[in-house]
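A.B. asks: Provide a 3D model corresponding to the input given below.
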Amino acid sequence: MLILIAKFRTKSECREQMIALAKDVIGPSRSEEGCITYDFLQDPFSPDSFTFYEKWRSREDLDLHFEEPHFKEFAQKSPELIEGSPSLITYEVASENKIA
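C.D. replies: Next up is the predicted model:
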């Protein structure tokens, strides 16, 4: 399993535009083969800060996601809304266990 955490900050005047753009990518991404979790989170203490939290079955599934038209549209439009550089980190996970 692969976990991707993508964090970024939008320009304040672009916050609502970013939320709308993310809404367009969430549904199709969740429907993709290999997608386990696909969440878009807004920091409650810093409303211009956002995180995509994604779990994929494999790196290959994530790579296929990057080729999907809905993701390409997001990737094309989002840079003009973002302030600074985004942080993208992946984690390879061998297993997952529930605590309770």
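
A.B. asks: list the contacts of the most centrally placed residue in the chain.
C.D. replies: Against the mean C-alpha coordinate of the chain, by CA atoms, centre = their mean, the closest residue is residue 52 at 3.1 Å. By CB atoms under 8 Å, 6 or more residues apart in numbering, the residues touching residue 52 are 4, 5, 6, 22, 38, 39, 40, 41. Every C-beta, even on glycine, is put in place using the N, C-alpha and C of the backbone.

A.B. asks: so which of those sit within strands?
C.D. replies: Using DSSP state E, 4, 5, 6, 38, 39, 40, 41 are the members of these that sit in strands.

A.B. asks: buried among these? Make that a ChimeraX selection.
C.D. replies: Restricted to buried positions by 16 or more other CB atoms under 10 Å, the ChimeraX selection for the ones in strands among the contacts of residue 52 reads:
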select :4,38,40
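
A.B. asks: start to end distance for stretch 31-49?
C.D. replies: End-to-end distance of stretch 31-49 (CA to CA, to the nearest Å): 25 Å.

A.B. asks: and it, how far from the chain's centre?
C.D. replies: Centroid separation for stretch 31-49 versus its chain: 5 Å, with CA atoms, centre = their mean, to the nearest Å.

A.B. asks: over it, what's the mean pLDDT, rounded is fine.
C.D. replies: Across stretch 31-49, pLDDT averages out at 98.

A.B. asks: give the buried residues for it.
C.D. replies: Buried residues in stretch 31-49, counting neighbours by 16+ other CB under 10 Å, are found at 32, 34, 35, 38, 40, 48, 49.

A.B. asks: which pair of those spans the longest distance?
C.D. replies: The most widely separated members of those are 34 and 48, with 30.6 Å between them, by CB to CB.

A.B. asks: all helices of this protein, in order?
C.D. replies: Assigned by DSSP state H, the helices in the chain fall at 15-30, 59-66, 69-77.

A.B. asks: which strand runs longest in this structure?
C.D. replies: Counting by DSSP E, the longest strand found in the chain is strand 82-92.
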